[in-house]
Structures are given as structure tokens and as C-alpha cells.
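Chemist: My questions concern the predicted model and sequence given below.
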Amino acid sequence: MVVILTTFQLKTLQLINLDNNEAAFSLAVVTFTAGNNEQYLVVGTAADTFVAPRSCRSGYLRVYQFVDEGRSLELLHKVMSCGILQLTSSNVEVYF
């Protein structure tokens, strides 16, 4: 589940349930230069995850656009990957 909260009041603005037993493991705010330098939230998720040994059925990258002045997210794209992804940078520029 991805939860959008207000900073000071910790009021929930949006709850995003993930599909097919997915869990979120990492996130990063990225800028796509082909997208008018807007910022997007990229969330790394994995489905059917096991702790030991660390494995999963499948991993995903979900790309969300900030909407409503950052008060909510809109899913733009979900792509399958292999394994559990760890996004480590909070400001990444991706060029296409």
C-alpha cells in the first residue's frame, strides 16, 4: 500500500492498494527530461516476497504522476522486472 500524508497533521490524503500481493520496497522522485522536467514518483514493488532466502515471484516499477498540487498520485505506468528493486537516489534524472 502507498499512503499519501500531509506533512504536519499526518492526515491521509490518498491510499493506493497494490495488486497481486505486492509490497513496496523502495521509492524515488525522478525527473524525466522528456516530460517537461516534471517530477514523478517511482515505486519499486515485489509480489509474493520471501524473507529467507530473499526472493519474489516478480518485481515491478510503478511510475506515478503528482496531481492536485501533490495531494494525490495517478498511476502512469507499471513495468515488470526481475527481483526486488531497490531505488536508492531521491533525485534521479532519466534520459530517453
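Modeler: Cool, got the structure. This one's a predicted model, so the numbers in the text were calculated from it and none came from an experiment.
Chemist: Which of the helices or strands spans the most centrally placed residue in the chain?
Modeler: With distances taken as Cα atoms, centre = their mean, the chain has V43 as the residue nearest its mean C-alpha position (1.6 Å). When secondary structure is defined using DSSP states H and E, the element that contains V43 is strand 39-47.
Chemist: Check which residues of that strand are buried.
Modeler: Neighbour counts over strand 39-47 (16 or more other Cβ atoms under 10 Å) mark 40-47 as buried. No exception for glycine: its C-beta is placed from N, CA and C like everyone else's.
Chemist: Give me the distance from it to the chain's centre.
Modeler: How far strand 39-47 lies from its chain's middle: 2 Å, per Cα atoms, centre = their mean, to the nearest Å.
Chemist: Sheet partners, orientation included, of it?
Modeler: Strands that pair with strand 39-47, judged by DSSP bridges, come out as strand 22-32 (antiparallel), strand 58-67 (antiparallel).
Chemist: Can I get those in JSON lines including mean pLDDT?
Modeler: Shown next, in JSON lines, are the strands paired with strand 39-47 (pLDDT from 0 to 100):
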{"stretch": "strand 22-32", "mean pLDDT": "87"}
{"stretch": "strand 58-67", "mean pLDDT": "93"}
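Chemist: Kindly reformat those strands as TSV containing distance to F8 and mean neighbour count.
Modeler: Compiled in TSV, the strands paired with strand 39-47 are given as follows (distance: least, Cβ to Cβ, whole Å; neighbours: other Cβ atoms under 10 Å):
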stretch	distance to F8	mean neighbour count
strand 22-32	20	16
strand 58-67	19	18
